[in-house]
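**Student:** Need the 3D shape of this:
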Amino acid sequence: MATAIEFNNISKIYRLGLVSTGTLAHDLKRWWTMNIRGKEDPYLTIGETNDRSIKGESDYVWALRDIDFKVEQGDVVGIIGKNGAGKSTLLKILSKVTAPTTGTIRARGRIGSLLEVGTGFHPEMTGRENIYMNGAILGMSKAEITRKLDEIVDFSGCERYIDTPVKRYSSGMMVRLGFAVAAHLDPEILVVDEVLAVGDAEFQKKAIGKMQDVSRGEGRTVLFVSHNMAAVRSLCHTGILLDNGQISYKGDIHETVTRYLSENGKTTSIRQGNKKMEFGRYSLDNTTIETGENLTVSFSFRINQPVDLPLINIVFYDTIGNRITECSCLDDKNFNIRILELNTDYNVKCTIKNINFLPGEYRINLWAGRGSENYDWITNCMNFHVIQSRKFINRTEQFPNEARLILQSQWQQLS
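**Tutor:** Below you'll find the predicted structure:
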């Protein structure tokens with residue numbers, strides 16, 4: 001398959017707070033070094049990694065550093081990462097909004113970009129006039145735009161306001177019209193940067209469907225940046241994970257999303273209890289599941305002092321600390337903890353059936369005890385992410401009460 005886009009050693013450096021180097025002397029030094037002596041920009045050697053969470057020693061930061069990858073024609077690539085990782089900068093370089101500091105990009109075909117709300121729109125012009133202006137920017141003739149005008153307006157859902165200046169549009173209407181223009185003017189490469197987050201559920205569904213049609217039906221290439229992991233997984237084939245301006249992983253989209261969620265979902269565990277019983281190893285069979293799938297929790301424990309048969313609970317919390325529900329070893333009537341010896345490790349596996357949580361991230365606490373006595377209690381010891389399954393009924397309501405989230409679990413002591 002032909003290569004649609006090729007990124008060769010793309011890097012972008014910025015000076016914080018100022019344009020250019022900040023002084024005429026430094027500008028002249030840069031010009032002399034690069035244009036007369038034919039050497040590398042001297043200010044590239046002092047740039048630092050773009051970690052927004054810490055104070056650096058240099059005013060120069062690398063928004064992108066040594067980006068190399070290829071995108072095949074017809075592929076749908078999801079570019080994900082934390083805020084400030086360099087996703088938008090990469091797409092702006094591809095769309096020629098800004099130039100790379102080093103490296104080159106080779107792209108085959110016209111690029112249609114929707115980088116932010118109202119990109120390229122003139123606020124005093126009507127929606128209709130902006131469609132023609134954006135189409136002209138993308139290289140379309142007036143006749144081509146006229147031929148597709150009705151289809152663009154219908155897709156955007158803004159027909160009633162199409163002859164109103166766009167300065168009176170809501171942000172959602174701006175996104176609708178902008179996406180409709182970019183998607184219907186036949187670009188060989190469609191670049192979309194986090195604009196779907198502004199649209200409503202109906203528009204997001206239409207937009208994702210259109211991107212699927214563009215890529216699968218028409219064989220066009222799509223680069224998609226979003227923090228909506230469910231949309232990324234359902235739409236994209238391959239993924240690129242950016243971290244502080246560098247590629248930390250590229251490959252299958254499911255593995256890319258899993259790595260992103262596991263790297264950014266880490267929390268500090270807190271442990272309490274009298275240690276009469278103590279958990280050892282613990283793990284999940286999968287850190288990303290779809291609604292309706294099973295989740296298996298495996299852990300080991302040992303008894304340090306003679307105790308009554310303990311209860312073991314697996315407790316689920318959301319990311320802001322709300323307790324969602326729990327399952328207990330007592331839920332499985334066929335399960336009885338067998339304790340043979342003190343100071344010996346025993347392994348347990350609990351399979352939780354049909355997780356029907358809302359899409360999002362969840363934490364797991366492990367608790368063992370008897371009555372009000374805590375033998376061992378580990379908070380935030382594991383986390384996992386739930387994404388919406390097409391096969392499962394879409395749950396849009398918030399958790400009304402725990403009765404709606406009773407979990408069925410099967411427990412097994414392995415040794």
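**Student:** which residue ranges form the helices in this protein?
**Tutor:** Assigned by DSSP state H, the chain shows helices spanning 24-31, 87-94, 127-137, 142-156, 171-184, 201-212, 229-235, 253-264.
**Student:** Ok, which of those comes nearest N8?
**Tutor:** Closest approach to N8 among the helices of the chain is made by helix 87-94 (11.9 Å; CB to CB). Backbone N, C-alpha and C define where each C-beta goes, glycine included.
**Student:** follow-up on the earlier one: now render the helices of the chain as JSON lines, adding mean neighbour count, mean pLDDT and distance to P100.
**Tutor:** Shown next, in JSON lines, are the helices of the chain (neighbours: other CB atoms under 10 Å; pLDDT from 0 to 100; distance: least, CB to CB, whole Å):
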{"stretch": "helix 24-31", "mean neighbour count": "12", "mean pLDDT": "68", "distance to P100": "16"}
{"stretch": "helix 87-94", "mean neighbour count": "22", "mean pLDDT": "89", "distance to P100": "5"}
{"stretch": "helix 127-137", "mean neighbour count": "19", "mean pLDDT": "88", "distance to P100": "21"}
{"stretch": "helix 142-156", "mean neighbour count": "15", "mean pLDDT": "90", "distance to P100": "31"}
{"stretch": "helix 171-184", "mean neighbour count": "24", "mean pLDDT": "82", "distance to P100": "22"}
{"stretch": "helix 201-212", "mean neighbour count": "16", "mean pLDDT": "76", "distance to P100": "26"}
{"stretch": "helix 229-235", "mean neighbour count": "21", "mean pLDDT": "77", "distance to P100": "25"}
{"stretch": "helix 253-264", "mean neighbour count": "18", "mean pLDDT": "78", "distance to P100": "23"}
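**Student:** I'd like those helices written out as TSV, with distance to L190 added.
**Tutor:** Converted to TSV, these look like this (distance: least, CB to CB, whole Å):
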stretch	distance to L190
helix 24-31	36
helix 87-94	11
helix 127-137	14
helix 142-156	14
helix 171-184	6
helix 201-212	7
helix 229-235	11
helix 253-264	17
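**Student:** hang on, N365 packs against I324?
**Tutor:** No - in this structure, N365 is not within contact of I324 by CB atoms under 8 Å, at 10.9 Å.
**Student:** List the contacts of the closest residue to S248 other than its chain neighbours.
**Tutor:** Excluding the flanking residues, the one nearest S248 by CB to CB, 6 or more residues apart in numbering is L241, at 5.0 Å. Neighbouring residues of L241 by CB atoms under 8 Å, 6 or more residues apart in numbering: 80-81, 247-250, 256, 259-260.
**Student:** Can you tell me which of the residues you listed comes closest to Y14?
**Tutor:** The closest of the contacts of L241 to Y14 turns out to be G81 (CB to CB; 17.3 Å).
**Student:** Any idea what the residue nearest to the closest one when sequence neighbours are not counted is bridged to?
**Tutor:** Excluding the flanking residues, the one nearest G81 by CB to CB, 6+ apart is L242, at 3.7 Å. Beta-bridge partners for L242, by DSSP bridges, are G81, I247.
**Student:** what's the burial count for L242?
**Tutor:** For L242, the neighbour count with other CB atoms under 10 Å is 24.
**Student:** That one reaches S248, doesn't it?
**Tutor:** Yes - using CB under 8 Å, L242 makes contact with S248 at a distance of 7.0 Å.
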